[in-house]
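**Q** The following comprises the amino acid sequence and a computationally predicted model.
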Amino acid sequence: MTIEDTIRTEMMRLQELVRRLEWFKTKHSTTTICEEWDHKWETTALTSYDNGVVDEVLTCFTCGVERTRYYKLTKEETTDPWRDLREDEEE
Ligand SMILES: [Zn+2]
């Protein structure tokens, strides 16, 4: 790796750091995190995998910490609550 490459990599690292700091300042200006029972959770990401595992990422919109919940799908059912109405439509 040349000196230029090393400097470029370091610059990118610093830019990322500044970007994160700016985001932190605008979104979550508190420097302390909430008490455990005081977080205001909001689901920010939901990923489901073929093996039935679901990851839910919750972000506290007060302090910005994240919690990930891992679910294992045990059963899946499809029901049609509109069946009677559909039958009416066909007649
Ligand atoms: Zn919080």
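**A** Great, that's in hand. Residues are numbered from 1 along each chain as shown.
**Q** Glu56: neighbour count?
**A** Neighbours of Glu56 under the rule other Cβ atoms under 10 Å: 16. Every C-beta, even on glycine, is put in place using the N, C-alpha and C of the backbone.
**Q** That one reaches Trp41, doesn't it?
**A** No - using Cβ atoms under 8 Å, Glu56 is not in contact with Trp41, being 9.9 Å away.
**Q** Just confirm yes or no for the biggest helix by length in the chain near the ion.
**A** Counting by DSSP state H, the longest helix found in the chain is helix 3-27. No - residues of helix 3-27 are not located near the ion by Cβ under 5 Å from the ion, the shortest gap being 12.1 Å.
**Q** gap between Trp41 and the ion?
**A** Shown here: Trp41 relative to the ion, a distance of 8 Å by Cβ to the ion, to the nearest Å.
**Q** quick one: pLDDT of the nearest residue to that residue once chain neighbours are set aside?
**A** Spatial nearest neighbour of Trp41, excluding adjacent residues (Cβ to Cβ, 6 or more residues apart in numbering): Leu58 at 4.3 Å. pLDDT, Leu58: 96.
**Q** Please report how far Leu58 lies from the ion.
**A** From Leu58 over to the ion (counting by Cβ to the ion), the distance is 10 Å.
**Q** So in that sheet, which strands flank the one helix or strand that residue maps to, and in what orientation?
**A** Using DSSP states H and E, Leu58 maps to strand 53-60. Its sheet considered, strand 53-60 pairs with strand 41-48 (antiparallel), strand 66-72 (antiparallel) by DSSP bridges.
**Q** Tabulate the ones you listed (JSON lines), appending distance to Glu4, mean pLDDT and mean neighbour count.
**A** What follows is the strands paired with strand 53-60, written out as JSON lines (distance: least, Cβ to Cβ, whole Å; pLDDT from 0 to 100; neighbours: other Cβ atoms under 10 Å):
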{"stretch": "strand 41-48", "distance to Glu4": "37", "mean pLDDT": "95", "mean neighbour count": "12"}
{"stretch": "strand 66-72", "distance to Glu4": "36", "mean pLDDT": "95", "mean neighbour count": "10"}
